[in-house]
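Undergrad: Here is the input, now give the coordinates:
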Amino acid sequence: QVQLVDSGGGLVQAGDSLKLSCAASGGDLSAYVMSWFRQAPGHRREFVAAISWLSGVSKYVDSVRGRFTISRDNAKNTIYLHMNSLKTEDTAVYYCAAGLGPYIDYEKYYYWGQGTQVTVSS
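TA: Residues are numbered from 1 along each chain as shown. Just a heads-up that it's a prediction; the model follows:
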C-alpha cells in the first residue's frame, strides 16, 4: 500500500522561505511522476510543480516558476518543494501526489498525501 506523508508547512511572513517534504513508502514509485498541488479555501485544487523520479525533469505553474523548486532524493524516497519569496496568495493546503505523468488535472493522480497547511501573512 503506497503511502505519501506531507510535512513542513507552517505560518510565515511574506518574503520568507519554507521547505515542504513528501515521504513515499509502501511501493515502487520509480515509474511515477510526483507532483505538488495546493488548495485554498473556496478554490479548486491547483497544480504547482511536478518531477519525474527517473529523469528529474520538472514542470511548474507560471505563478511559482522562479520562486519554487521541486527536487527529489531517490535514496530517501522523498520529494521536496523549496518555496522562496512567499506571497500571501501562496496560502493553501499543499498536497503531494503520484501519477503517471505531470498532469495538471488532479483527477489523474493515484496517490495523495494528507496535506500540509502553508499560511503566508503580510
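
Undergrad: Quick one: residues contacting Gly56.
TA: Contact partners of Gly56, counting by CB atoms under 8 Å, 6 or more residues apart in numbering, are Arg72. No exception for glycine: its C-beta is placed from N, CA and C like everyone else's.

Undergrad: do that again at 6 Å, thanks
TA: Contact analysis of Gly56 by CB atoms under 6 Å, 6 or more residues apart in numbering lists nothing.

Undergrad: Over to the one 3 residues further on?
TA: The neighbours of Lys59, taking CB under 6 Å, 6+ apart as the test, are 50, 102.

Undergrad: mind redoing it with 7 Å?
TA: 49-50, 102 (CB atoms under 7 Å, 6 or more residues apart in numbering).

Undergrad: Can you add neighbour count and give those back as TSV?
TA: Shown next, in TSV, are those (neighbours: other CB atoms under 10 Å):
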residue	neighbour count
Ala49	25
Ala50	24
Pro102	18
